[in-house]
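Chemist: coords please:
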Amino acid sequence: MALDEIQMHILQEVADLHTIPEGAYNIRSNGALAGRNTTANIDIVSKPDGSGIDIHIKPGTKNESVHIPVVLSQSGLKDLVYNDFFVGEGADVVIVAGCGIHNCGNQDSQHDGVHRFFVEKNAKVKYVEKHYGEGDGTGKRILNPVTEVHLGEGSVMEMEMVQIKGVDSTVRTTHADVAAGASLVVRERLMTHGEQKAESIYVTELNGDGSRADVVSRSVAKDSSYQKFDSRITGNAACTGHTECDAIIMGNARILAVPQLEANNIDAALIHEAAIGKIAGEQIIKLMTLGLTEQEAEEQIVSGFLK
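Modeler: Below is the predicted model:
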């Protein structure tokens with residue numbers, strides 16, 4: 001696998017990879033395959049039309065991981081991929097995705113990844129997706145991920161969605177249907193600055209008795225950036241659902257939170273919470289008495305909030 005210094009740096013940012021990962025991986029760079037490895041329990045196959053990959057995880061697979069990061073360093077490139085994950089019954093795996101864009105040109109660079117997860121009975125998946133952008137060009141860095149999650153009976157999906165730096169525009173759309181006894185947990189961490197725009201859309205259907213969902217976003221909007229958090233939970237059975245948006249607003253930023261609940265069963269228990277506010281002045285003053293400047297105090301508060 002031949003990646004240059006810039007591409008390796010982006011790989012570190014989005015997947016915490018300093019070297020080639022152990023286990024199964026598929027690394028995509030500037031729209032092409034840069035490296036792939038499979039294991040006895042995890043197979044990765046290119047789709048016949050070249051539009052993406054299929055990842056097959058055997059039933060009962062434990063203590064294994066799959067890395068599928070995407071790196072873009074070519075200005076003006078628009079990349080679209082379709083990746084399907086088939087997680088066998090009783091498996092317990094970690095899937096690390098994410099995309100990083102380095103754009104030093106004057107053309108927009110864009111990656112749109114469509115991921116579908118088919119998680120079978122009693123399987124467990126921890127999914128980490130991190131977005132990152134850098135480069136001093138005038139071209140924008142654009143990411144529009146679409147995720148579909150189909151959770152079988154008794155399965156668990158934990159999703160960690162992170163976007164902290166450098167992405168000019170993003171619309172993240174996630175749809176999930178949750179069967180009896182299954183659980184979906186989403187933790188989103190987001191920060192925007194400058195003129196950046198970020199929209200997060202989560203649509204969750206709780207379709208089986210004992211199904212659960214917990215969708216929580218923590219975000220910081222700085223400068224003149226804009227954020228929208230749109231989370232809808234529908235309870236179609238005896239289920240429990242919770243969605244929450246907790247946001248810090250700074251400068252001339254704007255934030256719109258739209259939590260929605262729909263109960264179609266008398267035993268559906270659904271809760272939503274939303275809070276948007278500025279950093280409390282007393283928090284900054286307290287840190288400044290310890291020797292920090294006002295800017296350093298703000299940065300420390302923001303960093304702690306997004307952990």
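Chemist: In its sheet, which strands sit next to the helix or strand hosting residue 66, and in what direction?
Modeler: Taking DSSP states H and E as the criterion, residue 66 maps to strand 62-67. As defined by DSSP bridges, the strand partners of strand 62-67 come to strand 24-29 (parallel), strand 92-96 (parallel).
Chemist: list the buried ones in that strand?
Modeler: For strand 62-67, burial by neighbour count (16 or more other Cβ atoms under 10 Å) applies to 64, 65, 66, 67. Backbone N, C-alpha and C define where each C-beta goes, glycine included.
Chemist: List the contacts of it.
Modeler: 15, 17, 21-27, 39, 41-42, 44, 55, 57, 91-96 (Cβ atoms under 8 Å, 6 or more residues apart in numbering).
Chemist: Narrow these to just the buried residues.
Modeler: Among the contacts of strand 62-67, the ones that count as buried by 16+ other Cβ under 10 Å are 15, 17, 21, 23-27, 39, 41-42, 44, 55, 57, 91-96.
Chemist: Tell me if residue 301 really is in a helix.
Modeler: Yes. If the criterion is DSSP: H, G, I helix; E, B strand; the rest coil, then residue 301 is within a helix.
Chemist: how about it, what does it touch?
Modeler: Residue 301 sits next to 279, 283, 284, 287 when contact means Cβ under 8 Å, 6+ apart.
Chemist: One more pass at 7 Å, please.
Modeler: 279, 283 (Cβ atoms under 7 Å, 6 or more residues apart in numbering).
Chemist: Residue 9: what secondary structure?
Modeler: At residue 9, secondary structure determined by three-state DSSP is helix.
Chemist: pLDDT value on it, please?
Modeler: At residue 9, the pLDDT value in this model is 86.
Chemist: quick one: it and residue 135, what's the gap?
Modeler: Taking Cβ to Cβ, to the nearest Å as the measure, residue 9 falls 11 Å from residue 135.
Chemist: neighbour-wise, which of those two wins?
Modeler: With neighbours defined as other Cβ atoms under 10 Å, residue 9 and residue 135 compare such that residue 135 has more, 19 against 16.
Chemist: Now do the nearest residue to the more buried one once chain neighbours are set aside against residue 119, distance only.
Modeler: The shortest distance from residue 135 to any residue other than its chain neighbours is 4.1 Å, reached at residue 103 (Cβ to Cβ, 6 or more residues apart in numbering). Shown here: residue 103 relative to residue 119, a distance of 34 Å by Cβ to Cβ.
Chemist: got it, and residue 8?
Modeler: 32 Å.
Chemist: Show the end-to-end separation of stretch 86-101, please.
Modeler: From its first residue to its last, stretch 86-101 covers 27 Å (Cα to Cα, to the nearest Å).
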